[in-house]
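# no FASTA, just this:
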């Protein structure tokens, strides 16, 4: 085993010695000495310098090449692109030019003390009631400026040519924010029972886009008091189809048998109407409404032989101007 190892070591040493001699022979060929490292800036192709006696290993002479066939012209020494030199210079803007480009906008009348008005027939409809055909309305409007306005509300019902309910409110509204305003004024009831006058005050606004709310308190004759909460929401199904749910609650401080109202929660009603806006100002609609009496009001209706709840089909038009 020792003899074999010795023989292998001798062979490896002989091979290494032979390769070193061959490398020394090639390095001295033609009198060349090992080349020194060339700096990076000298490794570029030289267009003008001679070879200094060194063999030309594929070096390209760009000075001898024909560049006349190149399609892209060299830019002029001035740095101006071709065709730009003959263009006229950009004129200097004068104050008259600026005034002509930015004229004064017309006065839109917002927050300038100008007056506006609006009338809305939110509900003007026929209803299929248990007692017969009913004409119902819910109207409102206002006139004034952006902060203070004179407003009115009116709602009621006529069944078979007889007025069942009718009221009118005259209110002064004052804006307290972009979406809220306070109201104060009077309410006059014409039906049911004998006419009655109330003092009214409350708030109305839009806490969410499309959701309109009203909360109004009333103080009537003989110490009577009431609270009405209303809300309606416009759900835009398409650009013309709008679904509108509505809700209303009425509460009274004391019972009034002559008008069929009891203390506490008196009645509640909800509705769902689908309208088609032929234009933004005019839209026919169909829907359903449901109302129910509660507490003492329900007992008064039962005593009169009337139902405490009722569902109705409705059809009407909504318009404003």
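Received it, and whenever you're ready, just let me know what you need. Bear in mind that the values here come from a model prediction, so they are computed numbers and not experimental data.
# okay, now the residue lying closest to residue 132 once chain neighbours are set aside: neighbour count?
If you skip the residues right next to it in sequence, residue 132 has residue 160 as its closest partner in space, 4.3 Å away by Cβ to Cβ, 6 or more residues apart in numbering. (Each C-beta comes from the backbone N, C-alpha and C, glycine too.) Summarising burial for residue 160: neighbours were counted as other Cβ atoms under 10 Å, giving 11.
# right, and the helix or strand after the helix or strand harbouring residue 207?
Residue 207 is part of strand 196-208 when elements are defined by DSSP states H and E. Toward the C-terminal end, the helix or strand that comes next after strand 196-208 (DSSP H and E) is strand 211-220.
# coming back round to it: give me the distance between the residue nearest to residue 132 and residue 166.
For residue 160, the distance to residue 166 equals 15 Å [Cβ to Cβ, to the nearest Å].
# residue contacts, residue 184?
171-172, 200-201 (Cβ atoms under 8 Å, 6 or more residues apart in numbering).
# where do the strands sit along the stretch 201-321 of the chain?
Taking DSSP state E, counting those that start in this stretch as the test, the strands found in the stretch 201-321 of the chain are 211-220, 225-233, 235-236, 241-252, 264-276, 282-293, 309-320.
# out of these, which comes closest to residue 187?
strand 211-220 (5.8 Å; Cβ to Cβ).
# So in that sheet, which strands flank the closest one, and in what orientation?
If you go by DSSP bridges, strand 211-220 pairs up with strand 196-208 (antiparallel), strand 225-233 (antiparallel).
# Quick one: mean pLDDT over the longest one.
The reference is to strand 196-208. Taken as a whole, strand 196-208 carries a mean pLDDT of 95.
# Likewise for the shortest one?
Within the predicted structure, the mean pLDDT of strand 225-233 is 97.
# about what we covered before: Throw the strands of the stretch 201-321 of the chain into TSV and include distance to residue 187, thanks.
Supplementary listing: those in TSV, determined by distance: least, Cβ to Cβ, whole Å:
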stretch	distance to residue 187
strand 211-220	6
strand 225-233	9
strand 235-236	30
strand 241-252	13
strand 264-276	16
strand 282-293	20
strand 309-320	22
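# between these, which gets nearest to residue 128?
Ranked by Cβ to Cβ, the member of the strands of the stretch 201-321 of the chain that lies closest to residue 128 is strand 309-320, at 4.5 Å.
# In the protein, which residue is most central in space?
To find the centre residue of the chain, average its C-alpha atoms and take the closest one (Cα atoms, centre = their mean): that gives residue 209, at 9.7 Å.
# Now the phi/psi pair for it, please.
Here the main-chain torsion angles of residue 209 (degrees, to the nearest 10) amount to phi -60, psi 120.
# and residue 6, what pLDDT?
pLDDT, residue 6: 49.
# swap that for residue 39, sorry
Per the predicted model, pLDDT is 46 at residue 39.
# If you average pLDDT per helix and strand, which one of this structure comes out bottom?
helix 2-27 (a mean of 50; mean pLDDT, DSSP states H and E).
# Next secondary structure after that helix?
The first helix or strand that comes after helix 2-27 along the chain, using DSSP H and E, is helix 95-101.
# tell me what that following helix is packed against?
Secondary structure elements in contact with helix 95-101, counted by 3 or more Cβ pairs under 8 Å, 6 or more residues apart in numbering; DSSP states H and E, are absent; no helix or strand qualifies.
# residues in contact with the residue nearest to residue 163 when sequence neighbours are not counted?
Here the nearest residue to residue 163 in space, its sequence neighbours aside, is residue 191; by Cβ to Cβ, 6+ apart that works out to 5.0 Å. For residue 191, the contact set (Cβ under 8 Å, 6+ apart) comprises 156, 163-166.
# which residues does residue 125 contact?
135-137, 285, 314-317.
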